[in-house]
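A.B. asks: Need a 3D model of the following:
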Amino acid sequence: MMSSVMLWGLIGLIGTLVDSYLFTHLMSPHPNPHHGCYGDIMTMETLGPSCDLNTLISCGIRGSEMFVEMDLRAINPYQTLIKEVGQRHCVDPAVIAAIISRESRGGTTLRDGWEHRGLKLGLMQLDKQIYHPAGTWDSKEHLLQAVGILTDGIKIIQKNFPTWSAAQHFKGKFFLL
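C.D. replies: Residues are numbered from 1 along each chain as shown. As a prediction, the model looks like this:
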């Protein structure tokens, strides 16, 4: 099952993808709408990260866009890897890049691949208490595992909520119930 942190990272950055196309252009030189096997992320609605008094500058769609702009340089070295993993799992590379941005700021917040508490590993932040992370933190093997966990979670949602739209399956709203 997908971790809630990964889910929230995905939900928070989909708004950026819809509004700015930055990751889409990074991952593909063609401006055609992107989608994998789990729906078209370019047509999904989202609000971006939630706002409170402490995060008014970095919340909502503009907040997501701000983080994307800051993280593009850090994510760029992983572009080929992200495309390969996306193709293998039929997930839009922009989604993978968005999760990497949200979870590890493109790897820039990590120490030897680990987050500051030492509980989560890798670009997409797999929780070692839930998963046994495969490969090194920035390897293809590790990214394949993380995206596999994401797609497995989406498939569970599809099975449990067959009447939901592809966008609802993709966003994983059942975690919010």
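A.B. asks: immediately after the lengthiest helix in the chain, which helix or strand?
C.D. replies: Counting residues, the longest helix found in the chain (DSSP state H) is helix 140-160. Next in sequence after helix 140-160, counting helices and strands by DSSP states H and E, comes helix 166-171.
A.B. asks: Tell me which other helices or strands that next one touches.
C.D. replies: helix 4-20, helix 140-160 (3 or more C-beta pairs under 8 Å, 6 or more residues apart in numbering; DSSP states H and E). Using the backbone N, CA and C atoms, a C-beta is placed for each residue, glycine as well.
A.B. asks: quick one: buried residues of the last one?
C.D. replies: Meaning helix 140-160. Across helix 140-160, burial judged by 16 or more other C-beta atoms under 10 Å covers 140, 142-147, 149-151, 153-154, 157.
A.B. asks: thinking again about what came up before, considering the helices and strands packed on helix 166-171, which stretch scores lowest in mean pLDDT?
C.D. replies: Comparing mean pLDDT across those, the weakest is helix 4-20, with a mean of 41.
A.B. asks: how about the CA coordinates for stretch 100-113, as CSV?
C.D. replies: This file holds the C-alpha atoms of stretch 100-113, laid out as CSV (Å, rounded to 0.1, in the frame of the first residue of the first chain):
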residue,chain,number,x,y,z
ILE,A,100,10.5,13.3,-6.2
SER,A,101,10.2,17.0,-5.9
ARG,A,102,7.7,16.9,-3.1
GLU,A,103,9.3,14.1,-1.1
SER,A,104,13.0,14.8,-1.4
ARG,A,105,13.3,18.1,-3.3
GLY,A,106,15.1,16.2,-6.0
GLY,A,107,17.3,14.5,-3.5
THR,A,108,18.7,17.8,-2.1
THR,A,109,17.2,17.3,1.4
LEU,A,110,18.7,13.8,1.8
ARG,A,111,21.8,12.6,3.7
ASP,A,112,23.2,9.5,2.0
GLY,A,113,19.7,9.0,0.6
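A.B. asks: Show me which residues of it are buried.
C.D. replies: Counting neighbours by 16+ other C-beta under 10 Å, one finds that the buried residues in stretch 100-113 are 100-107, 110, 113.
A.B. asks: got it, and stretch 73-85?
C.D. replies: 74-75, 78, 81-82, 85.
A.B. asks: Nearest to T136 among these?
C.D. replies: Closest approach between the buried residues of stretch 73-85 and T136, by C-beta to C-beta: L81, at 11.9 Å.
A.B. asks: can you pull the contacts of that closest one?
C.D. replies: Counting by C-beta atoms under 8 Å, 6 or more residues apart in numbering, L81 makes contact with 140, 143.
A.B. asks: what about it, which helix or strand?
C.D. replies: Using DSSP H and E, the element containing L81 is helix 79-89.
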